[in-house]
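In: Return atomic coordinates for the entry below.
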Amino acid sequence: MMQKPAIDVVIPAFNEQESIVYVLKDIPMDWVREVVVVSNNSTDDTVKRASGNGATVLDESRQGYGYACLKGIDYLKSKTDQPDIIVFMDADYSDHPEELPFVVQPIIERNMDMVIGSRALGTREKKSMMPQQLFGNWLATWLIRLFYGAKYTDLGPFRALKFEKLLELNMQDTTYGWTVEMQVKAAKRKYEFCEVPVNYRERIGVSKVTGTIKGTILAAYKIIFTIFKYVLKK
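Out: The predicted structure is shown next:
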């Protein structure tokens, strides 16, 4: 059992001024050492509201979910006291930050390398996930099982990893393929992983991805491309 791990949270945020305060206030800080909000070229008050509510705020001007996550990782990697566990969650308040203990517990108690918060196993509010998201998750997880033998049910954003194991993955994707790249690489490396049920609600504001036709098409293409890309790599 891991004793008193240092847990840091990374939250990518692009124009989430209406939701970021709710997210930060619901994170159980008795479990967390530092919360890092990465403003992904936000033009609203996301930065001001995040910093005003205790978060370390970084700026990543290059647009892309992966870019923002990589910025947060680089910041934590540069510290002399790196975290034992890193947690990712979204800034739109669709995740339930108070469920963080359930997401990290398999790492602490069972020595898991990675834990995925599965919306498929939890309870979803009506309209919290659009039909294209549900189908995309099903297709992607089915393909990962087919090619890599890993039984995932979701590509959900709420997830935790041992920090050293995350660094070993050498994450590269800068946009929509971030979550699937992580899960594919973890499967190829035979990481010990599990999923835990997490609840999911309708986000605050409009999704920048599934809320647009362009975003939906690009995300679907990138996810499928990433899955097949690593089939050919040793």
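In: Would you mind listing the buried residues in stretch 16-25?
Out: E16, Q17, E18, S19, I20, V21, V23, L24 (16 or more other Cβ atoms under 10 Å). No exception for glycine: its C-beta is placed from N, CA and C like everyone else's.
In: Which of the helices and strands in this protein ranks last by mean pLDDT?
Out: helix 213-231 (a mean of 72; mean pLDDT, DSSP states H and E).
In: Give me the contacts around it.
Out: With contact meaning Cβ atoms under 8 Å, 6 or more residues apart in numbering, helix 213-231 is reached by 132, 136, 139-140, 143-144, 147, 155, 173, 175-177, 180-181, 184-185, 188, 207-210.
In: what about 6 Å?
Out: Contact with helix 213-231 is made by Q132, G136, A140, L143, F147, Y176, G177, V180, E181, V184, V209, T210, as judged by Cβ atoms under 6 Å, 6 or more residues apart in numbering.
In: what does stretch 192-210 give?
Out: 18-19, 92-94, 96, 99, 102-103, 106, 112-119, 121-125, 127-128, 130, 133, 158, 186, 215-216, 219.
In: Lowest pLDDT pick from the contacts of helix 213-231?
Out: On pLDDT alone, T210 ranks lowest of the contacts of helix 213-231, at 50.
In: Just name the closest of the contacts of helix 213-231 to T46, please.
Out: Of all the contacts of helix 213-231, V209 has the smallest distance to T46: 17.1 Å, by Cβ to Cβ.
In: Dump the buried residues of stretch 16-25 into TSV; add distance to V36 as well.
Out: Listed next are the buried residues of stretch 16-25 as TSV, based on distance: Cβ to Cβ, whole Å:
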residue	distance to V36
E16	14
Q17	17
E18	20
S19	17
I20	12
V21	16
V23	12
L24	11
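In: Of those, which belong to helices?
Out: Among these, the residues falling in helices (DSSP state H) are I20, V21, V23, L24.
In: which stretches of this protein have low pLDDT?
Out: Applying pLDDT under 70 to the chain flags residues 207-216, 219, 232-234.
In: Can you show me the helices along it?
Out: Under DSSP H, the chain gives helices at 20-26, 46-51, 65-77, 100-110, 131-148, 163-169, 178-188, 213-231.
In: Mean neighbour count, these: which tops it?
Out: helix 178-188 (a mean of 23; mean count of other Cβ atoms under 10 Å).
In: what's that one packed up against?
Out: The contact analysis (3 or more Cβ pairs under 6 Å, 6 or more residues apart in numbering; DSSP states H and E) places helix 178-188 against helix 65-77, helix 213-231.
In: now that helix, how far from the chain's geometric center?
Out: Averaging C-alpha positions (Cα atoms, centre = their mean, to the nearest Å) puts helix 178-188 12 Å from its chain's average.
In: all numbers from here: first residue = 43
Out: That works, and once the first residue is 43, the last one we named lands at helix 220-230.
In: what comes into contact with it?
Out: Counting by Cβ under 6 Å, 6+ apart, 107-108, 111, 156, 182, 190, 192, 194, 197, 211, 215, 235, 265, 268, 272 sit against helix 220-230.
In: Kindly export it (C-alpha atoms) in CSV.
Out: C-alpha atoms of helix 220-230 as CSV (Å, rounded to 0.1, in the frame of the first residue of the first chain):
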residue,chain,number,x,y,z
TRP,A,220,-4.7,12.3,-25.9
THR,A,221,-6.9,9.9,-23.9
VAL,A,222,-6.8,7.1,-26.4
GLU,A,223,-3.0,7.4,-26.9
MET,A,224,-2.6,7.0,-23.1
GLN,A,225,-4.8,3.9,-22.9
VAL,A,226,-3.3,2.3,-26.0
LYS,A,227,0.3,2.8,-24.8
ALA,A,228,-0.6,1.6,-21.3
ALA,A,229,-2.1,-1.6,-22.9
LYS,A,230,1.0,-2.1,-25.0
